[in-house]
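# what follows is a predicted protein model with its sequence.
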Amino acid sequence: MTQSLPQVRFPDGTTVPALGLGTWHMGEDSGRASDEIAALRAGIDCGMTLIDTAEMYASGGAEDITGAAIEGRRDEVFLVSKVLPSNASRKGTIAACEASLKRLGTDRIDLYLLHWPGRHPLEETIAGFEDLQAAGKILRWGVSNFDIDLMKSLTGLPGGESCAANQLLYNLATRGIEYDLKPWMEERSMPVMAYCPLDEGRLLRHPSLGEMAGKLGVTSAQLAIAFLLSRKGVIPIPKSSNPERVQENRAAADIRLTEEQLAELDRIFPPPRAAEPLEMI
């Protein structure tokens, strides 16, 4: 395992590890809480210090787990959380963030995202984000599940140019953003946070990927993560409640795929040849 992870830069110059930790489905079963906390701490220990969570996950339960995992280590972590669209009015965004801060046991969130587009005008949500920034409760803000048209609309609004990231469904089996959205974001130094990097486990059962991984002496999960890490400005956030699996995911950052290997992945999982509707889960 190398000494340090590759880094991804946000528009304001802040750098974070290119490989983070997801928490979707954490906090749903109290019997698994200790394992989930241990897995997140194992990730921090091996340099995966970006943790992604949301008020939606287990109705705040994942934020509780995250808060327990980072207790005493807050300054080591780059913390990401999200506001539900139903809460994303100006006042609602502020109230939701304050509730998240309480569950997380912290006074600030490093990156606060609108979870997906909703009924509240984006101008209201941006105003809420700006109020939270002025109060020091969030350091930067972004969105999730926004397609290219929505991103263009967002960044054209007053204050919208401050959007720092877009969290998207992105993995070997879901590559539509590569056609237009990812290049557009790359031009603006705006990272893609890649959720479900293993396609909710389906990639682990893909025969051709498994065959290629076996030839390389790595796991299918490691190969799928290594592919995303080979893309500029991408931060995959795999979720695991197993400390050993977290360390296995971390080892994917040490894989350097050749042009021939990337071409083989393109053959197995063809990149888009035209614009596609944004996929999301």
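Received it, and whenever you're ready, just let me know what you need.
# for Q261, give me its contacts.
Residues in contact with Q261 (CB atoms under 8 Å, 6 or more residues apart in numbering) are 212, 216. C-beta: built from backbone N, CA, C; applies to glycine.
# show me which residues of the one helix or strand it maps to are buried.
For Q261, the host element (DSSP states H and E) is helix 259-268. Buried residues in helix 259-268, counted by 16 or more other CB atoms under 10 Å: 261, 265.
# all strands for this protein, in order.
Secondary structure of the chain by DSSP state E: the strands cover 7-9, 15-17, 50-52, 78-83, 111-114, 141-144, 166-169, 192-195, 234-236.
# okay if I get those as JSON lines plus distance to T66, mean pLDDT and mean neighbour count?
Below are the strands of the chain laid out as JSON lines (distance: least, CB to CB, whole Å; pLDDT from 0 to 100; neighbours: other CB atoms under 10 Å):
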{"stretch": "strand 7-9", "distance to T66": "20", "mean pLDDT": "97", "mean neighbour count": "16"}
{"stretch": "strand 15-17", "distance to T66": "16", "mean pLDDT": "98", "mean neighbour count": "18"}
{"stretch": "strand 50-52", "distance to T66": "6", "mean pLDDT": "98", "mean neighbour count": "25"}
{"stretch": "strand 78-83", "distance to T66": "7", "mean pLDDT": "98", "mean neighbour count": "27"}
{"stretch": "strand 111-114", "distance to T66": "13", "mean pLDDT": "98", "mean neighbour count": "27"}
{"stretch": "strand 141-144", "distance to T66": "17", "mean pLDDT": "98", "mean neighbour count": "24"}
{"stretch": "strand 166-169", "distance to T66": "16", "mean pLDDT": "98", "mean neighbour count": "24"}
{"stretch": "strand 192-195", "distance to T66": "15", "mean pLDDT": "98", "mean neighbour count": "24"}
{"stretch": "strand 234-236", "distance to T66": "17", "mean pLDDT": "98", "mean neighbour count": "26"}
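# using TSV, please lay out these together with distance to S220.
Converted to TSV, the strands of the chain look like this (distance: least, CB to CB, whole Å):
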stretch	distance to S220
strand 7-9	24
strand 15-17	22
strand 50-52	22
strand 78-83	26
strand 111-114	29
strand 141-144	26
strand 166-169	18
strand 192-195	16
strand 234-236	14
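# can you tell which of those strands is closest to D266?
strand 234-236 (16.0 Å; CB to CB).
# what's the closest one packed up against?
The contact analysis (3 or more CB pairs under 8 Å, 6 or more residues apart in numbering; DSSP states H and E) places strand 234-236 against strand 192-195, helix 220-229.
# any chance you could list what contacts it?
8, 16-20, 50, 170, 182, 191-194, 197, 225, 228-229.
# want to throw the helices and strands packed on strand 234-236 into CSV with distance to R267?
Shown next, in CSV, are the helices and strands packed on strand 234-236 (distance: least, CB to CB, whole Å):
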stretch, distance to R267
strand 192-195, 21
helix 220-229, 13
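# got the angle for the helix holding Q261 vs helix 220-229?
Angle, helix 259-268 to helix 220-229, by axes from the mean of the first three to the mean of the last three CA atoms, to 10 degrees: 110 degrees.
# can you give the distance of helix 259-268 from its chain's centre?
Computed by CA atoms, centre = their mean, to the nearest Å, the chain-centroid distance of helix 259-268 equals 24 Å.
# CA atoms only for it, dumped as CSV, please.
C-alpha atoms of helix 259-268 as CSV (Å, rounded to 0.1, in the frame of the first residue of the first chain):
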residue,chain,number,x,y,z
GLU,A,259,-3.7,2.1,-22.0
GLU,A,260,-4.2,-1.5,-23.1
GLN,A,261,-6.1,-2.4,-20.0
LEU,A,262,-8.3,0.7,-20.2
ALA,A,263,-9.0,-0.2,-23.8
GLU,A,264,-10.1,-3.7,-22.7
LEU,A,265,-12.4,-2.2,-20.1
ASP,A,266,-13.9,0.0,-22.9
ARG,A,267,-14.5,-3.1,-24.9
ILE,A,268,-16.3,-4.8,-22.0
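# what residues are up against L168?
Contact partners of L168, counting by CB under 8 Å, 6+ apart, are 144-145, 177, 181, 192-195, 278, 280.
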